[in-house]
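*Asks:* Here is a sequence together with a model predicted from it:
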Amino acid sequence: MSQTHTSLSRSLEDYLEAIYNLKVRSQIARVKDIADAMNVKMPSVTEAIRSLAAKGLVKHAPYENVELTDGGLDRARGIVHRHVAVKEFLVNVLGLDPERAESEACGIEHAIQPDTLDRLLRFAEFARACEDDRTLRLEHFRHFVKHGRYPAECRCPDNHGHSHSPITTTRLGDVLPGSKGRIAFVSGRGPIRKRLMEMGMTSDARFEVIRVAPLGDPIEIKLRGYYLSLRKSEANRIEVEVD
Amino acid sequence: MKTELLTKEIVIALAGNPNSGKTTVFNELTGARQHVGNWPGVTVEHKEGFTRRHGRQFKVVDLPGTYSLSARSQEEVVARDFLVDNHVDVIVNVVDATNLERNLYLTTQLLELGINMVIALNMADMAEGMGQKINLDLFSHFLGVPVVPTVGHKGEGLDDILAKAIELADSPTCGAPRAPRHNPEIEMQIESLENRLNPNPDCAAPVRWMLIKAMEGDNEAIGRIQRCAADPDTAAREIAATRKHLELHFGDDLEAIIADGRYGFIGGLIREVVTRARPAEQITLTDRIDNILLNRVLGLPIFLFLMWLTFELTFNVGGIFADYLRIGIHNLGLWAEATMPAGPLASLISHGIIDGVGGVIVFLPNILVMFAVISFLEGSGYMARAAFLMDRSMHVLGLHGKSFIPMLMGFGCNVPAVMAARTLDTREDRLLTILITPLMSCSARLPIYILFTSVFFGQSGALVIFSLYGLGVLLAVASGKLFRAAFFSKSVSPFVMELPPYRLPTLKGTLIHMWERTSSFVTKAGTVVLAASVIIWALGALPWGVEFGGPHSLIGHLGRYADPLAKTLGLDWRAAVALFFGLGAKEIVVGTLGVLYGFGHSAGSAQPSQIAAAFTPLTGYVFMVLSLIYLPCIATIAAIKRETNSWKWTFFSIGYSLALAYGVAFAIYHMGLLVGLR
């Protein structure tokens, strides 16, 4: 989240998010699907796609489905990540009912700054840990905010407040050994994508990352009951959901 | 009719994934000369064998192992062209029962061909051991083809396979395989296309199969349809329009939709027919072995040790036998010369033919040992791991992880090194590796380096020799990058490689593999080497009566034409002639120098003092650089021809190495002069 982005309007962020969600759920994002999902008219979608394409976030030719570029994918992932994190906070910490949290998150996600979000996430995690461990106190969290780490005496959730959201995807090449998950989709077009799919990397296939080669590339994964090695450059075409 | 049926030979095609045990089944069926391996895509040519069982004659064709029937790799093209264009009575689809899901992907495509088929559910014993139970009747019901459990290396179930094959071959109408239906929209469009295009019924290829492939964007299949269609242009247009329509409908590449659908069908099939006695999630032997062999810390040291061992076995253990052979052949030549009346014939036989044949035979121990080791590495499954470990560093050089072994072998001898390139999967990677391997400085070039460095460089000799090896590797890397950019830029070969389970290779498979490679070298490369040896002999020995290879021989005269060229490198025609004889074998270069500088030691090596008189340190180094880069020996050239199966690439390799040698030597010589060396 450290990279600087050209700013996107709230509505364009919504479009990007919708395209991404469609892509994850059904592999494809057609203008009509996007219009349905966002409850707008098709010309509005076309207009928004054009602006997104001008910013290099999507690729779209008339009468074809909308493709996210690598940059667009990163960006969309960030937006969805924020959305899910905010929603979790509203539900788990503030106790809002999920439906209301969903609609409120839609508004908050656009306004919130990355560092605030990060703190929100950590607090959500901290609050969850508090439920199990009665010795945790709010001052521990304040200590964390001030010093960037929790005081030594407390068994607090350390460093990264990973909260794996159910619908954010990551690149297979970034998944750590030992992690399992399912394949969301293989991006791009052409022979390499086909080859990957023929080897069994179709959506919803379960996988486990076994290891990274000693020199850092390629990686080995287990898939459909067999072991497969592939370079990170190919693995990064594969969007996955980690359990 | 009855008797005609009984005498009809039944043609069986074996198809299956790499590592499915297909080759083992083939060996057990026919006992033929075939290789058993665990290395993806090891069978490049399809091989056939014959067998007689149940009173019938069978011809069995072993197709290359493939994961699919798209026309992407050479292997896939070979396999599908054979199935489509030749008369095949029965396909025997060898399926690894321990890895059903991915193996059945090919099966779904084979079913579309509409050819009679039997599924050999191979490694059935291992699948059962893993707690997997397969309902064979249901399986066979869903696919519409007989399913027979087999255990390849024990030959179990193969009789049943052949019995089923006879049934199917004798009654061609007894029930066509039931190919899985695709998405209804796709099926509808295919049907409508079939009606509109109305391809010629005489067309050899099954129409439905061609249309499905065409929908997958397979240009070769589209070409086939055009050839069959009444109007090729309309056919192409209609296909493109249908593809466009379907892609719009699904909003995704059609190939992705079809692949997805195939795996969907397989998933459903497996849910129905496979039951697990216990959960499969357990740590297998392969997992345990890989935890050590692919370990972050231990993986590379173990790999390097195994490579060192391979090299040692091939060149030092194999080399012992090679030395005996060399001495034996030399003595045979002397004996022949002594027993026959002196004259051109005796000289031809002893120096031309016996030396030529000997030049082939001396490689045999190395080749036999190397292929024994490689066969073990492949058959056990380690070769794929070696590629996994090395890919990162080889990829930087524009090569595949599997190129490491041929290049390493090159330091011993280029002949087996070039042959080892066949372990690579794609034609591009194989070619590239073959083209750069001769730049690895083989051990036969070492005597030249030793002679010159001992004369000119004394204490720093080792460093100078090391610089030559380094130069070779550097040029190989640079050439590799150049070739990749110049010839293969369009074909990206993704590194998507199966790591097969570890298996103990069978002795039978290893022996067959060794025999096959060695005999192919002797018969194919041998003739080229022999012919070249006789020509070299003639150039050196004629006109009859001159000193062999001396100034008055044919080559001595011809060599003078090379004098102006040699002068640009600070050398003279005698160095050029010595290098020419190096073609036969690099070892000869040193001996020839002795003859040409005419100090009377015709049989022995050149004396250091002669070298010191004829060369300067700079021209000595230039001569060594030339020896390193210029043509590999005849045996290597023959191996290149044999492995590339193309004179074009062979001549390219020759031309390139000559030009490179001259260019590099020229640059070194003139830069040396510039900085005041001599």
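*Replies:* Received it, and whenever you're ready, just let me know what you need.

*Asks:* Would you state the strands of chain B in chain order?
*Replies:* Along chain B, the stretches classed as strands by DSSP state E are B:10-16, B:47-53, B:56-62, B:90-96, B:117-122, B:132-134, B:147-149, B:274-276, B:496-498.

*Asks:* Out of these, which is closest to chain A?
*Replies:* Closest to chain A of the strands of chain B, according to C-beta to the nearest C-beta: strand B:496-498, at 4.8 Å. Just so you know, the C-beta spots here come from the backbone N, C-alpha and C atoms, and that holds for glycine as well.

*Asks:* For residue 124, which non-adjacent residue is spatially closest?
*Replies:* Let's take chain A. Spatial nearest neighbour of residue A:124, chain neighbours left out: residue A:89 (4.7 Å); criterion: C-beta to C-beta, 6 or more residues apart in numbering or on different chains.

*Asks:* Hmm, no, I was thinking of chain B.
*Replies:* Closest to residue B:124 by C-beta to C-beta, 6+ apart is residue B:149, at 3.6 Å.

*Asks:* what sits against residue B:149?
*Replies:* B:97, B:121, B:124, B:134, B:136, B:156, B:157 (C-beta atoms under 8 Å, 6 or more residues apart in numbering or on different chains).

*Asks:* Next one, pLDDT for it please.
*Replies:* Model confidence at residue B:149, given as pLDDT, is 93.

*Asks:* Repeat that for residue A:76.
*Replies:* Residue A:76 is given a pLDDT of 82.

*Asks:* phi, psi of it?
*Replies:* phi -60, psi -40 (degrees, to the nearest 10).

*Asks:* Surely it touches residue A:67?
*Replies:* No: assessed by C-beta atoms under 8 Å, residue A:76 is found out of contact with residue A:67, at 11.9 Å.

*Asks:* Please tell me how far residue B:506 sits from residue B:408.
*Replies:* 26 Å (C-beta to C-beta, to the nearest Å).

*Asks:* Tell me which of these two has more neighbours.
*Replies:* residue B:408 (19 against 16; other C-beta atoms under 10 Å in any protein chain shown).

*Asks:* and the more buried one, what does it touch?
*Replies:* Contact analysis of residue B:408 by C-beta under 8 Å, 6+ apart lists B:307, B:310, B:311, B:417, B:440.

*Asks:* Which single residue of chain A ends up nearest chain B?
*Replies:* residue A:28 (3.3 Å).

*Asks:* For that residue, which three-state class applies?
*Replies:* coil (DSSP: H, G, I helix; E, B strand; the rest coil).

*Asks:* Next up, phi/psi of the residue of chain B found nearest chain A, please.
*Replies:* Closest residue of chain B to chain A, C-beta to the nearest C-beta: residue B:251 (3.3 Å). The phi and psi values for residue B:251, taken as degrees, to the nearest 10, are phi 70, psi 30.

*Asks:* Help me confirm that it comes into contact with residue A:28.
*Replies:* Yes: between residue B:251 and residue A:28 there is a contact at 3.3 Å, judged by C-beta under 8 Å.

*Asks:* overlap in contacts of the two?
*Replies:* residue A:65.

*Asks:* related to what we said a few turns ago, from the contacts of residue B:408, keep the buried residues only.
*Replies:* B:307, B:310, B:311, B:417, B:440 (16 or more other C-beta atoms under 10 Å in any protein chain shown).

*Asks:* right, and the third one touches residue B:407 too?
*Replies:* So that's residue B:311. No: between residue B:311 and residue B:407 there is no contact under C-beta under 8 Å: 11.5 Å.

*Asks:* on that earlier part again, and the residue of chain B closest to chain A, how far is that from residue A:241?
*Replies:* 21 Å.

*Asks:* Contact partners for the residue of chain B closest to chain A?
*Replies:* A:27, A:28, A:29, A:30, A:33, A:65.

*Asks:* Could you list the buried residues of the host helix or strand of residue A:82?
*Replies:* Following DSSP states H and E, the helix or strand that holds residue A:82 is helix A:70-88. Residues of helix A:70-88 classed as buried: A:72-73, A:75-88 (neighbour count, 16+ other C-beta under 10 Å).

*Asks:* With stretch B:633-651 instead?
*Replies:* B:633-644, B:649-650.

*Asks:* okay, how far is it across that stretch, tip to tip?
*Replies:* By C-alpha to C-alpha, to the nearest Å, the extent of stretch B:633-651 from end to end equals 14 Å.

*Asks:* mean confidence score for it?
*Replies:* 84.

*Asks:* now residue B:423: how far from residue B:261?
*Replies:* Distance from residue B:423 to residue B:261, by C-beta to C-beta: 34 Å.

*Asks:* So for these two, which sits in the more crowded spot?
*Replies:* residue B:423 (25 against 17).

*Asks:* Hmm, the more buried one is touching residue B:374, no?
*Replies:* Yes: between residue B:423 and residue B:374 a contact is recorded at 6.8 Å, counting by C-beta under 8 Å.

*Asks:* Now do the shared contacts for those two.
*Replies:* Common neighbours of residue B:423 and residue B:374 (C-beta under 8 Å, 6+ apart) are B:383, B:405.
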